[in-house]
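Visitor: Sequence and predicted model, in that order:
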Amino acid sequence: MTDQVLTIRDIASALRLTEKTVYAMAVARELPAFKIRGQWRVRRSDFQNWLATHAGETPESLGSSVPVGVPVPETGPPVGAREEAAISDLTERVPQSEMHRRLVAAIGDSNVRSHTDWAAKPFEMDLAPPMPQRVRVYMYNATRPPGGRPLGEHKVQLIVPGQKRDQRGSFDHSDGRIVLLVGYSAEEEVFVLWDAGLYADFAWSRNVQVKAETIIQASAGKLATQERQLRPASGKSVIERLIATKARGLPEALVRRMELTRARLLKE
């Protein structure tokens, strides 16, 4: 029997990602995709194997979770124009105040005792235990810009209030508040928590990344973690462990973020 072939739309539905995201992944060769008359396709068996590798499962266990229906004809601009758009306009951006609203909604109103104005940056909150009780949040859109980095990789660009293009910047750790560095991927509705303590005295618009696989795992409902090797201002190499999650997992992710940060500080 002929191996069934999946469309970009099928893959996007299975991964709970936007079609634009999957186009970018196909162009970047992050998927086992191939072209037929200018349109991307993936064999179902190849996709199952690829998904199993990223989800830590066996292909057989995925079974019918991968769509197998008749491929849906793709509509819209010509194929070349679609791919160019997928690369040049990869990411939805959310205004600062809206990001903060989504952050509070994900944590839960009952867990947020108080917070500053929605548009304030940094954004301060007092939370209920076991989460960190007094936090200062630096939150950024996590984007997938074309060029320079792998297409599926998301990044935030660190700029703090008052910092100018030719100036160094740092997060405000005063008043005993715990600093959180948060990225938000609007298309996938995924929150990313980096270790804010590892980012000090940074250049204007410094890039901080998270891999596509980590976003995919979080999109599937997992509390995804990723290790990154950094060389902070101190000059000593260190392993950072970041966390990515959908909204429902954010309270647990905040607790886990604090545990990982404490473990790093004790090790140092």
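Guide: Nice, I can see it.
Visitor: As a check, name the ranges of all strands in the stretch 1-150 of the chain.
Guide: Assigned by DSSP state E, counting those that start in this stretch, the stretch 1-150 of the chain shows strands spanning 5-7, 34-36, 39-43, 112-115, 123-127, 134-141.
Visitor: Looking at these, which is nearest to V210?
Guide: When the strands of the stretch 1-150 of the chain are compared for distance to V210 using Cβ to Cβ, the nearest one is strand 134-141, at 11.5 Å. Backbone N, C-alpha and C define where each C-beta goes, glycine included.
Visitor: where's the helix or strand that comes right after that closest one relative to the chain centroid, distance-wise?
Guide: Per DSSP states H and E, strand 134-141 leads on to strand 154-158 as the next helix or strand towards the C-terminus. Averaging C-alpha positions (Cα atoms, centre = their mean, to the nearest Å) puts strand 154-158 10 Å from its chain's average.
Visitor: tell me the angle strand 154-158 makes with strand 134-141.
Guide: 120 degrees (axes from the mean of the first three to the mean of the last three Cα atoms, to 10 degrees).
Visitor: ok, back up a step: for the strands of the stretch 1-150 of the chain, give me TSV that also has mean neighbour count, mean pLDDT and distance to A105.
Guide: Below are those laid out as TSV (neighbours: other Cβ atoms under 10 Å; pLDDT from 0 to 100; distance: least, Cβ to Cβ, whole Å):
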stretch	mean neighbour count	mean pLDDT	distance to A105
strand 5-7	20	90	33
strand 34-36	11	85	40
strand 39-43	19	88	34
strand 112-115	14	97	9
strand 123-127	19	98	12
strand 134-141	20	97	13
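Visitor: Would you format those strands as CSV with distance to F191 included?
Guide: Listed next are those as CSV, based on distance: least, Cβ to Cβ, whole Å:
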stretch, distance to F191
strand 5-7, 28
strand 34-36, 34
strand 39-43, 28
strand 112-115, 15
strand 123-127, 13
strand 134-141, 9
